[in-house]
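>>> no sequence for this one, just the structure:
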C-alpha cells in the first residue's frame, strides 16, 4: 500500500467526526460513568473488526453491490437506531413521571446492554462497509492485491478508533460531575435520544449508490 501516513491522518479526522457511535458512547458514559462508556466502545470495536474482515474476504463488496442485502442492513440499522433513541426519550419521559421505577428499570437496562448497544449501532450501519470499500482502495497501488493492504488498513482504523474512544470516554468522565446533575443529565439524554433517532432516519433515507 502507499501513502500510509496520509491514510492515518485521514482516518484521525474521520474518526473524530460525531456520529451515532459518538452519541451512544456519550450517553452511556454519562449514565454509567467510565465503565459504561468502555463497554460501549468495546462493542463498537468488535463491530469494526467484523467489518474489517468482511471487507477483506469480500462480503462487504457483495452487500454493497446487492440492493436487497444493502436495504436489509440499512433498514435494520435504521430501525435499531430509531428504537434506541426512542427508548432513551421514553425513559426520560418515564423518569419525570416516576423517578424510583425508572431508576430500577434503567439500572437493569444499562448493566446488561451497553456492549450490545455499541455493537449493534456499528455492525448494522452499512455505511461503514461502504466507507471501507470506497476509502481503502485509494491507498492501494493499482494492480496489486487487496487482501493484506485492506487487512492492515482495517486494523489500523480499528486501533485508531479504539484510542480515540478511550480518550473520549475518559474526557467525558472527567467533566461528568457537572453533566450528571439531574437537570443537565435530562437535557443531554433528550438531545442524545433525538440525535440517535435523526441518525436512524438519515440512514433509512440513504440510497444504495451513496
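That came in fine, so what should we check first? Model, not experiment: these values are computed from the prediction. Numbers count the residues shown, from 1 in each chain.

>>> can you tell me, leaving aside adjacent residues, what's nearest to residue 133?
Ranked by CB to CB, 6 or more residues apart in numbering and with sequence neighbours excluded, the top spatial neighbour of residue 133 is residue 60, at 5.5 Å. In this view, the C-beta of every residue, glycine as well, is placed from N, C-alpha and C.

>>> surely the one you found touches residue 54?
Yes: assessed by CB atoms under 8 Å, residue 60 is found in contact with residue 54 at 4.7 Å.

>>> name the residues contacting each of those two.
residue 129 (CB atoms under 8 Å, 6 or more residues apart in numbering).

>>> what about residue 46, neighbour count?
Number of residues near residue 46 (other CB atoms under 10 Å) recorded here: 16.

>>> OK, contacts around it?
Counted by CB under 8 Å, 6+ apart, residue 46 has contacts residue 119.

>>> quickly find the element holding it.
Residue 46 is part of helix 20-57 when elements are defined by DSSP states H and E.

>>> pull out the buried positions in that helix.
Buried residues in helix 20-57, counted by 16 or more other CB atoms under 10 Å: 20-32, 36-48, 51-52, 54-56.

>>> could you report the pLDDT at the residue most central in space within the chain?
Geometric centre of the chain, nearest residue: residue 21, 2.6 Å, by CA atoms, centre = their mean. The score at residue 21 is 87. That number is its pLDDT.

>>> skipping adjacent residues, who's closest to it in space?
Distances taken as CB to CB, 6+ apart place residue 44 nearest to residue 21, at 5.2 Å, with adjacent residues excluded.

>>> distance of that neighbour relative to residue 139?
In this view, residue 44 and residue 139 are 23 Å apart by CB to CB, to the nearest Å.
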